[in-house]
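*Asks:* could you work out the structure for the sequence below:
(2 chains)
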Amino acid sequence: MIYYACDIPEDLYYDIERDVWIRFDGDIATLGMTDVAQTRCGKFAAISFRNIGKKVEQGKALATVESAKWVGPFPAPFSCEIVATNEAGFAKDILLANKEPYTDGWMVKVRPTNLDEERDHLVTGDEAFEKYKARIQELKVNCLRCID
Amino acid sequence: MPKRIRLLYMEGVSPLRSQTVYHAVGYAMKEDTPNTIIMVSPNGPYVSIGYHQDMQKEVDLDYCTAHNLPVYRREVGGGAVYLDSGQLFTQWIFHKEDLPASLEERFKLYIDPLVATYQELGINANHRPINDVHVEGKKIGGTGAAQMGIAEILVGSLMYTFDKKTMSQVLKVPSEKMRDKIFESLEAYMTTMTEQLGSTPDRAMVKDLYMKKVSEALGMEVYEGEWTAEEEAMAKEIDARFTSDEWLYQKGQLRQQGVKIHQDVHLIETAFKSQGGLIRIIARLHEGRIDDISFSGDFTLLPVFALGALEQSLRGVSATPETLKSKIEEAYYRLNIQSPGVTPTDFTTAIMNAVAPPQPV
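*Replies:* Predicted coordinates:
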């Protein structure tokens, strides 16, 4: 679903406050920046990931992103252990998340460590879209993607 | 109760503390911490590198060691910069809900009081979006933004003086010629309050003026406060991290092509192997046009005056392959240039490799 050029795929889960999307697959979750997040961040200039195996508390940084004008964390939507990162993908093309935030531009794969206690804020489907519409209006965002 | 802004005024702290202080206030921020502006300057010179830079690749460490210049990695992006007591850093540590959501608007809010301060001093400064402050095409300070904990940070400076010579010395560059060009470009495209006014304004007066302009821009009272024991403890913790080899020598992947002088001006150096020999190029780009260019290498180009004439013919030319090739071909024809194994296409490719380097596959 698209709103102000921002794509909000309905099959994903979202931590809207942290602007993170989540795709659950068994006990592993793939995480990435939403279209809104990559637009607000701007073109990536560099990214550094926390080590595989590291346990990260909810809200803490799984990676640090640097764009042309800003440095900040890619935050964990729930406490987790990092099992994979897309470091190789970003090494080939630093703009991956600016081009394809929901596919090639995934950031990390994690194993949640306290999901039962920390998943109430996650939303999906129509609920996610409605909440994102409000957020997009509040932030006055019009999403932009980089192209090759 | 209306919100007020706490000012922490810290002139003459150690170089390390001039960086760690805003990280500390940022990471120590809680829901009830007031929005804070720190005005701080170091009591000695140092080099600050960007979060994702590789210090060993970007900084001339031999020079820094020989001149007792410490190097610190900040958690703000961008490139390496030489800093000293000639700058008064203005660091905002705010709750995100008290700043505009968009970075463009956030920088405008941050830069407006800097511009207003300069203007009241009689300097014709303006905001060059997104995040530079310019005076008639010259930069008088850049800014940066970051998130630390729950705090949103904006950093920049009021520039009394800037040591352009030492700035050009601390960078690791491929050649001394490039270093000379950096210095020349800083002279051409950077300015300071002292240069603009003919003398250095009184620092206490500038501080009061900036506070007044901040208060007007934000519509909030600014009061001079103290930092808390918790913030100071956090600063000590960050001091230790910032001086650890693990932090300093971490391998950053930020590789910028050349040296950014300001938003519109970049200096680049590149080499291209043609059949007729290696072509080395140092070029300065100003708003996408070639502002200055010099060729060197081991190729042959005749007549002997043709190299200078070729360089001259490219000044002011838009840095696109079609325009460059056409200009170079025209110079070849006009000057009857002979260059065994080197073609106008080679020169064009060499320049474009620097302007828009090929992407890795």
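
*Asks:* spell out which parts of chain A neighbour chain B.
*Replies:* Chain A has residues A:40, A:42, A:45-48, A:64, A:66-73, A:91-93, A:138-141 near chain B, with proximity defined as C-beta under 8 Å from any C-beta of the partner chain. In short, each C-beta sits where N, CA and C put it, glycine included.

*Asks:* in the stretch 201-350 of chain B, what residue lies closest to chain A?
*Replies:* Of the stretch 201-350 of chain B, the residue with the smallest distance to chain A, taken as C-beta to the nearest C-beta, is residue B:254 at 4.1 Å.

*Asks:* which bits of the stretch 101-250 of chain B sit near chain A?
*Replies:* Counting by C-beta under 8 Å from any C-beta, the residues of the stretch 101-250 of chain B near chain A are B:101, B:102, B:103, B:107, B:130, B:131, B:144, B:145, B:146, B:147, B:250.

*Asks:* what's the pLDDT at the residue nearest to the second one when sequence neighbours are not counted?
*Replies:* The spatial neighbour of residue B:102 that comes closest, neighbours along the chain excluded (C-beta to C-beta, 6 or more residues apart in numbering or on different chains), is residue A:140 at 6.7 Å. On pLDDT, residue A:140 comes in at 82.

*Asks:* mind checking how far residue A:140 is from residue B:105?
*Replies:* Counting by C-beta to C-beta, to the nearest Å, the gap between residue A:140 and residue B:105 amounts to 9 Å.

*Asks:* try residue B:321
*Replies:* For residue B:321, the distance to residue B:105 - C-beta to C-beta - is 36 Å.

*Asks:* cool, residue A:133 as well?
*Replies:* Residue A:133 sits 21 Å away from residue B:105 when distances are taken as C-beta to C-beta.

*Asks:* residues contacting residue B:59?
*Replies:* Contact analysis of residue B:59 by C-beta atoms under 8 Å, 6 or more residues apart in numbering or on different chains lists B:47, B:49, B:71, B:80, B:170, B:171, B:172.

*Asks:* my bad, residue B:239
*Replies:* Residue B:239 is in contact with B:16, B:17, B:20, counting by C-beta under 8 Å, 6+ apart.

*Asks:* in which helix or strand does it reside?
*Replies:* Residue B:239 belongs to helix B:229-242 when elements are defined using DSSP states H and E.

*Asks:* which helices and strands does the next helix or strand after that helix pack with?
*Replies:* Tracing the chain C-terminally past helix B:229-242 and defining elements by DSSP H and E, one meets helix B:245-248 next. On a contact count with 3 or more C-beta pairs under 8 Å, 6 or more residues apart in numbering or on different chains; DSSP states H and E, helix B:245-248 meets strand B:71-73.

*Asks:* same thing but 10 Å
*Replies:* Where contact means 3 or more C-beta pairs under 10 Å, 6 or more residues apart in numbering or on different chains; DSSP states H and E, helix B:245-248 is packed against strand B:71-73, helix B:229-242.

*Asks:* what segments of the stretch 251-361 of chain B are helices?
*Replies:* Using DSSP state H, counting those that start in this stretch, the helices assigned to the stretch 251-361 of chain B run over residues B:306-314, B:321-335, B:344-355.

*Asks:* can you pull the buried residues of the longest helix anywhere in chain A?
*Replies:* Ranked by residue count under DSSP state H, the longest helix found in chain A is helix A:125-139. Within helix A:125-139, the residues that count as buried by 16 or more other C-beta atoms under 10 Å in any protein chain shown are A:128, A:129, A:132, A:135, A:136, A:139.
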